[in-house]
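Novice: mind looking at a prediction? Sequence and model below.
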Amino acid sequence: MKFIDEYRDGKAAARYARLIARATTKPWTIMEVCGGQTHAIVKFGIDELLPKDVELVHGPGCPVCVTPLELIDKAIEIASRPNVIFCSFGDMLRVPGSSKDLLVVKASGGDVRIVYSPLDAVKIAEANPAKEVVFFAVGFETTAPANAMAVFQAHQKGIGNFSILVSHVLVPPAMEAILSSPINRVQGFLAAGHVCTIMGYTEYEPIAQKYNIPIVVTGFEPLDILQGVYMCVKQLEEGRADVENQYARSVRKEGNLPAQKLISEVFCVVSRKWRGVGEIPQSGLGLRDEYREFDAELRFGVASYTAEESSECISGLILQGVKKPHECTAFGTRCTPERPLGATMVSSEGACAAYYRYRRVSVAS
Amino acid sequence: MESVKEFAMSCPIPIDQYPTVLLAHGGGGRLMHQLIESMFVPVFSNPLLDVRHDGAVFQLNGTKLAFTTDSYVVRPLFFPGGDIGTLAINGTVNDLAMCGARPLYLSAGFILEEGLPMETLWRVVQSMKQAAEVAGVQLVTGDTKVVDKGKGDLVFINTAGVGLIEHDLTIAPTSVEPGDLVLLNGDIGRHGIAIMAVREGLEFESAIESDCAPLSDLVMKLIDAGIRIKCMRDLTRGGLASALVEIAETANVHIGIDESAIPVREDVQGACEILGFDPLYLANEGRFVMFVAASEAERALAVMGACAPDSCACVVGRVTEDPPGMVTLKSRIGATRIVDMFSGEQLPRIC
């Protein structure tokens, strides 16, 4: 396929693997931030091509995984109410709340629908004026512009029966939280290419300087990731800590300015709780006062919900790159995709689900 | 009464986990597999069912027959490349073909929803007639029920079929052995994407058509050519991946497949990239895998190629001993990973 096969070429991958091996003289730990990258690494077996000294650890960049439990409970509560059409991206439906998931709500008669864009939810609201239509607005900077656009449109058109349940999170504060943790072992970052497509990468420069850590904006195909690792290893070996852009075919330094403008029109930066990690200051987006009427938490009176996470689930440590999925005692036994203890086992971008699906046992090659 | 109570007490599906049936229990993945394996198979267990094939194969007065059934609940009813009527015929014809049987007679049960436009039903019936003619089967008995509006989804169709087996091959997962090759009769994923595109209003540059087609003619030609077929499985819900995992688990062998050998059309691959789907798990309605000894593969491919010249039939994998019960895939960049079933259906990802 045009512009896909080129980035999955086996010979080119082997060449990059040799380059990385040649450049590596000591052990390095590199974190890929985005869940899409984790998925690609495990699916294609990219880490198998790397020298032993280069370890990839998996970052917090899976929106499904970091959405806090209480927000799932709020979603379930709202979706269970009569007269509500609850719209969500597909992979949020299987995330377990405290007692059930949205698929169970659907099976019990709740009107839960998978949409491909928040704008579809706005259309559903227009077509069903007697119903309350709620969109589950999760994700990083990548999904924020479309969610902002949905609210903006609903506002413009005066669609009063539309609201969003917001759990937007931001990448740079999470990277800082990881770096300032006493148990941090990350020495270099592959930053999330799609997030940077929207936001650009100037906001990473102060992080690289402050923590003296190389950050390479990286894409999602096998060759992207291998090149990103190579650029990162090279910086580490040369003692540099720069922000570099591997994913130049998609990312510009300043990002997508109209998208950023739309985000800041509708959202403002707020503190957010991350599943397994806890609250990180100034790490998410919430609706601005002017758009408060679209806040589903207020509309349905669920803002004060709290929930206790499973004490057995170590997804917090996994999301910070401290532990790997198979190091969890529940992995593959008490915790499986059919019966997940935590969200990292649910989403296809979650590190645990990726490990479970692609490498549950060691495979004789 | 006592026995009823006892039965209810020992429901094998963990009730605390699944008090109700979920859509995923019909998604062709792990949950459906579990439902069948832990509820249906033990309750109805008998030597024919326990083979776990697409249909039951048995002898009646010296005549070897295959018998199968399938229900069709597709939405939308009409999609590029087919409709519920063509599916209802071809699906059951293909299940018989996978047993190595020549399909003969089909039954059809219609569950119609009150308010269904007669014109719509007429179109479906016409498609069934046409598909039956192409596949060389006759619809010889049927049933009609109508349910209240809102209690059905326009039309549900069940078909059952009987076919004649005129050879001595044992076509079943248990015949699969290390050294066998896995053949695939064409590109995968088109049916899944075609349905999804219409259902969700996704627009592509050109419509992706379902691969819906009867496989009986091709299978008969393979058997007539003397190919010693060991096992076949059509790649419906759950796709290539789930079919292979089921066979590997039943036959207790390892199946290794090569990602770069599996044909996926460019438009299907593109749709998968956008939606975050893996073509290995997408439904097909005219594709099957066939297991044959390595020495027979070339001849089998020649027959497949002659039957459908533009189908890109190919070898996609090989059976070995270890690790038993497992499917692995050699990725395009040369690394190896596990292929497992999904829990239910694939869900589109966030970003």
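Specialist: Arrived safely, thanks for sending.

Novice: number of nearby residues for whatever residue of the stretch 1-150 of chain A ends up closest to chain B?
Specialist: Minimum separation of the stretch 1-150 of chain A from chain B (C-beta to the nearest C-beta) falls at A:G45, amounting to 2.2 Å. For glycine as for every other residue, the C-beta is placed from the backbone atoms N, C-alpha and C. The local packing of A:G45 (other C-beta atoms under 10 Å in any protein chain shown) involves 24 other residues.

Novice: got a list of contacts for stretch B:242-256?
Specialist: B:28-29, B:33, B:52, B:173-178, B:182, B:231, B:233-235, B:257, B:281, B:289, B:291, B:317-330, B:336, B:339-342 (C-beta atoms under 8 Å, 6 or more residues apart in numbering or on different chains).

Novice: which non-adjacent residue is nearest the residue most central in space within chain B?
Specialist: Compute the mean C-alpha point of chain B, and by C-alpha atoms, centre = their mean the closest residue is B:T236, 3.0 Å away. The shortest distance from B:T236 to any non-neighbouring residue, by C-beta to C-beta, 6 or more residues apart in numbering or on different chains, is to B:A283 (5.6 Å).

Novice: please apply the same query to A:Q209.
Specialist: Going by C-beta to C-beta, 6+ apart, A:Q209 has A:A241 as its nearest residue, at 6.9 Å.

Novice: what sits against the residue nearest to the spatial centre of chain A?
Specialist: Residue closest to the mean C-alpha point of chain A, counted by C-alpha atoms, centre = their mean, is A:C62 at 2.5 Å. For A:C62, the contacting residues are A:34-35, A:38, A:319, A:343-344, A:347, A:349-351, by C-beta under 8 Å, 6+ apart.

Novice: if any of the residues you listed are buried, give me the PyMOL selection for them.
Specialist: Applying 16 or more other C-beta atoms under 10 Å in any protein chain shown to the contacts of A:C62, the buried members can be selected in PyMOL as follows:
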select buried, chain A and resi 34+35+38+319+343+344+347+349+350+351
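
Novice: and the lengthiest strand in chain A, what's its mean pLDDT?
Specialist: Longest strand of chain A, by residue count under DSSP state E: strand A:278-287. Average pLDDT, strand A:278-287: 94.

Novice: other residues contacting the helix or strand that comes right after it?
Specialist: Tracing the chain past strand A:278-287, the next element assigned as helix or strand by DSSP states H and E is helix A:296-299. Outside of helix A:296-299, the residues within contact range by C-beta under 8 Å, 6+ apart are A:74, A:78, A:132, A:134, A:163-166, A:292-293, A:302-303.

Novice: give the rounded mean pLDDT of helix A:296-299.
Specialist: The average pLDDT within helix A:296-299 is 96.

Novice: how distant is the helix or strand just after that helix from the center of its chain?
Specialist: Going down the chain from helix A:296-299, the next helix or strand is helix A:315-319, by DSSP H and E. Distance, stretch centre to chain centre, for helix A:315-319: 13 Å (C-alpha atoms, centre = their mean, to the nearest Å).

Novice: export helix A:315-319 to CSV, keeping only CA atoms.
Specialist: This file holds the C-alpha atoms of helix A:315-319, laid out as CSV (Å, rounded to 0.1, in the frame of the first residue of the first chain):
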residue,chain,number,x,y,z
SER,A,315,-1.2,-0.3,35.8
GLY,A,316,0.2,2.9,37.4
LEU,A,317,3.7,1.4,37.6
ILE,A,318,3.3,0.1,34.0
LEU,A,319,2.2,3.5,32.7
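
Novice: buried stuff in the very next helix or strand once past that helix?
Specialist: Downstream of helix A:315-319, the next assigned helix or strand under DSSP H and E is helix A:351-359. Using 16+ other C-beta under 10 Å as the test for burial, helix A:351-359 gives A:351-359.
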